[in-house]
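Trainee: Here's a sequence, model it:
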Amino acid sequence: MTDFWSIWISVITIAVIVGCFLLVTRTRKSEIHKETTTEVLAHSFDGVEELDNPLPRWWFNMFMITIVFGIVYLFLYPGLGNYKGYLNWTSTNQWEEEMAHAEKHYQPVFSRFAQLSVEQISNDQKALQIGQRMFANNCALCHGQGGVGAFGFPNLSDNDWLYGGDGATIETTITNGRNGAMPPWGAVLGEEGIRNVTSYVLSLSGQEANAKLVAQGKVTFQSTCVACHGADAKGIAALGAPNLTDNVWLYGGSFEKVSHTIRQGRAGVMPAHKNLLNQDKIHLIAGYVYGLSR
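Mentor: Numbers count the residues shown, from 1 in each chain. Model prediction:
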């Protein structure tokens, strides 16, 4: 925050507090009656009259207590521009302290399972319970409860894996993330080429397609697509290229969806969690994910 805005905020804040104090005290001093009275003010509405009673003492005291509280608060905590407060408190520091306390308290629980392999964790009920809760907090937003996935987000409960489904690979994926990219082929293939390749790709998974278009699409596929998807179209895990011969589709398996994927391409990002979770926690989540498809 610049000095100008710091001073601006401080002046307004102090002015409001001083104004509240003056309003309450001046009003108190200008009261005609210091005790309860039956004298009526010179106005009424619909039979309702206002008595000229003074401000109740408890109400006045509450105003003063609030003002004092505000002054003490602004002295102890940040609230006046760049002034950090006598206690030097920040929400970030409090969060870090609470996280450090939680890490110290719960780390022995996580460390207990660090010696187990991902595969062994998938068979340990206690570890799975912990992994499930962490999955719900960190992964379910994209992959859904139970890892069933959504449009553009892989289903983790089947046995179809883009980068491999062994324990070590799953843990690597969670730790470092993945960046998947299907380049757009619209400008290269043209609409006719896209229609042909789409027909061939759909035929690979047993869907009905025009035989002539399938034959033409196969030729194009073998010259442009095999580098990523392989000659057998079963995909290459090292590249994250999907198997096109099964009936599992990340972005939909209809003619329109597949042709859109070929024409426009796709970009999928799995964020790295190594800066969000320590390795022991990632290890437990990997074990839970591994067990979803078993």
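
Trainee: From here on, just use CA atoms for contacts and neighbour counts.
Mentor: Fine.

Trainee: after the lowest-mean-pLDDT helix or strand in the chain, next one along is what?
Mentor: Least confident helix or strand, the chain: strand 40-45 with a mean of 74, by mean pLDDT, DSSP states H and E. Heading C-terminal from strand 40-45, the first helix or strand you meet, by DSSP states H and E, is strand 48-51.

Trainee: And that next one, how far out from the chain middle?
Mentor: Distance of strand 48-51 from the chain centroid (CA atoms, centre = their mean, to the nearest Å) equals 56 Å.

Trainee: and the least confident helix or strand of the chain, C-alpha only, in PDB?
Mentor: The C-alpha coordinates for strand 40-45 follow below in PDB (Å, rounded to 0.1, in the frame of the first residue of the first chain):
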ATOM      1  CA  VAL A  40     -43.600  15.200  25.000                       C
ATOM      2  CA  LEU A  41     -41.700  16.600  22.000                       C
ATOM      3  CA  ALA A  42     -43.700  18.800  19.600                       C
ATOM      4  CA  HIS A  43     -44.400  16.100  17.000                       C
ATOM      5  CA  SER A  44     -46.400  12.900  16.800                       C
ATOM      6  CA  PHE A  45     -47.600  10.500  14.200                       C
END
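
Trainee: Tell me the helices and strands packed up against that strand.
Mentor: strand 48-51 (3 or more CA pairs under 8 Å, 6 or more residues apart in numbering; DSSP states H and E).

Trainee: Partner strands of the strand it packs on and their direction?
Mentor: strand 40-45 (antiparallel) (DSSP bridges).

Trainee: neighbouring contacts of the strand it pairs with?
Mentor: The contact list for strand 40-45 (CA atoms under 8 Å, 6 or more residues apart in numbering) reads 49-52.

Trainee: could you redo the last one with a cut-off of 10 Å?
Mentor: Counting contacts by CA atoms under 10 Å, 6 or more residues apart in numbering, the residues outside strand 40-45 that touch it are 49-53.

Trainee: Equivalent analysis for stretch 133-150, please.
Mentor: Against stretch 133-150 from outside (CA under 10 Å, 6+ apart): 128-129, 131-132, 151-158, 174, 250-251, 270, 273, 276-277, 281-282, 284-286, 288-289, 292-293.

Trainee: repeat for stretch 97-106
Mentor: Taking CA under 10 Å, 6+ apart as the rule, stretch 97-106 contacts 91-96, 107, 109-110, 278.

Trainee: so what's His229 up against?
Mentor: 221-222, 235-237, 239-244.

Trainee: Please repeat the previous calculation with a cut-off of 7 Å.
Mentor: Counting by CA atoms under 7 Å, 6 or more residues apart in numbering, His229 touches 235-236, 241-243.

Trainee: now swap in Arg266 and tell me
Mentor: 181-183.

Trainee: what's the burial count for Ile174?
Mentor: 21 (other CA atoms under 10 Å).

Trainee: same thing with Thr36?
Mentor: So Thr36, with other CA under 10 Å, has 12 neighbours.

Trainee: One more: Ala267?
Mentor: By other CA under 10 Å, the burial measure for Ala267, its neighbour count, is 12.

Trainee: and it, what helix or strand is that in?
Mentor: Here Ala267 is assigned to strand 266-270, by DSSP H and E.

Trainee: How about Lys84?
Mentor: Going by DSSP H and E, Lys84 is not part of any helix or strand.

Trainee: Check the spacing between it and Ile121 real quick.
Mentor: 47 Å (CA to CA, to the nearest Å).
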